[in-house]
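**Student:** what follows is a predicted protein model with its sequence.
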Amino acid sequence: MQVVILTSGSGKRLVPLTDQHPKSLLPVANRPLLDYLLAAVDAARFTEIYVTLGYARDSMQDYLTTLSLHGDLIPIETPNWQQGPLASFQSVLPYLSKTTPCVLLPGDLYISAENLRLLTTTSAEVALLFDPFSHGPGTLLQLDTSELVSALTQSSVYLAGYYPGLPALRATTRFFESTIRSATDSASTVFTLLQQWLMQDQPLQGIPITDRVWCDVDSVTSLVALNAYLLAEGWPPQPQPPGTYLPPGTSMEGPLQSATLTLGKEAKIEGPVLLGPRVHIGDNCLIDNATTLGPHTIVYSNSVLSRCITLPDTHVPVNTDLTGAVLDAKGNVLHST
């Protein structure tokens, strides 16, 4: 089965962290965010994996060449990517099968293979995953007794009787071709297409996810939250990559000097924490509560980092005290809310 992963956008909500790289390549637990989605796609055994290239295309192309997947990985140039995700998808549409459905995913989605398989096994022409375990803002679905979508809306507040929809869609080319013709606005989105489909009195199947763990990583807050979840759940897997992982409930105190970690006097690390290779933590520092330090990070003395992420080669100044932030090598700091 075919899958299209939209990775063309510039990630404006995460500027300046995305000044050089696409959002989907930002590190979470010291791996590119897209790694997790591709691992799920690979485990779900998609045979053709289309990945769109747009913003910072060279970075994405270089990353894709490092991968080895069961299915065919097919990068697609999207010259009109600045017009939005729908414009990027239209560049892929000519390559898709006319007879079998495809699955459409954003490149910033964290989801399990088990949930993706739900989209490969249904017989519905058009289907959208939804979260039956929670109510909240976002793209919201109202369903009838057969779990067909009876109403679709976007809201920043809770609406009674609605469930959050995931940005994971299964559809045929007939769906895309018929709805794209009606969506004349250049700012149209997949949500717009779904609305057009319902207006044509066509069935849209809702499929309840079975695994509650999913995240649409569209902000610093969600980036930090996903990082914290992975560390608390015991990532990284075996064999452990270079660096140091402290599971929840463990601690380490300086002084210490090794090939991968230097820990200063009266410095302390309390897990869960993930430290990339060649990390230096200065005197009187505290690193705790689901923090990930990227390779070659230096944290200077008297600093406290909690629920933070540093990108590779970041230097954290003396007397820094941050909670829920992402820092890069250029000194940029974005805070979660």
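**Tutor:** Noted; the coordinates are in hand.
**Student:** now do the same end-to-end measure for stretch 117-125.
**Tutor:** From its first residue to its last, stretch 117-125 covers 15 Å (C-alpha to C-alpha, to the nearest Å).
**Student:** does residue 308 really touch residue 327, like I thought?
**Tutor:** Yes. Judged on C-beta atoms under 8 Å, residue 308 makes contact with residue 327 at a distance of 6.8 Å. Heads up, the C-betas are built off the backbone N, CA and C, glycines and all.
**Student:** more crowded one of these two?
**Tutor:** More neighbours surround residue 308 than the other of residue 308 and residue 327, with 29 against 25 (other C-beta atoms under 10 Å).
**Student:** residues in contact with that one?
**Tutor:** Neighbouring residues of residue 308 by C-beta atoms under 8 Å, 6 or more residues apart in numbering: 224, 291, 292, 322, 323, 324, 325, 326, 327.
**Student:** now render these as CSV, adding distance to residue 126, secondary structure and pLDDT.
**Tutor:** Shown next, in CSV, are the contacts of residue 308 (distance: C-beta to C-beta, whole Å; DSSP: H, G, I helix; E, B strand; the rest coil; pLDDT from 0 to 100):
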residue, distance to residue 126, secondary structure, pLDDT
224, 34, helix, 97
291, 42, strand, 98
292, 38, strand, 97
322, 44, strand, 97
323, 42, strand, 97
324, 38, coil, 97
325, 40, strand, 97
326, 36, strand, 97
327, 42, strand, 96
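**Student:** so which of those residues is the closest to residue 200?
**Tutor:** residue 224 (40.7 Å; C-beta to C-beta).
**Student:** kindly provide the distance from the closest one to residue 334.
**Tutor:** Distance of residue 224 to residue 334, computed by C-beta to C-beta, to the nearest Å: 9 Å.
**Student:** when the two are compared, which one has more neighbours?
**Tutor:** residue 224 (26 against 20).
**Student:** any idea what sits nearest that one, other than its immediate chain neighbours?
**Tutor:** Residue nearest to residue 224 in three dimensions, not counting chain neighbours: residue 336, with 4.6 Å by C-beta to C-beta, 6 or more residues apart in numbering.
**Student:** what residues are up against that neighbour?
**Tutor:** Contacts for residue 336 (C-beta under 8 Å, 6+ apart) come out as 219, 220, 221, 223, 224, 225, 307, 324, 325, 326.
**Student:** isn't the second one up against residue 14?
**Tutor:** So that's residue 220. Yes. At 6.7 Å, residue 220 and residue 14 qualify as touching, with contact defined as C-beta under 8 Å.
**Student:** what residues are shared contacts of these two?
**Tutor:** By C-beta under 8 Å, 6+ apart, residue 220 and residue 14 have these common neighbours: residue 334.
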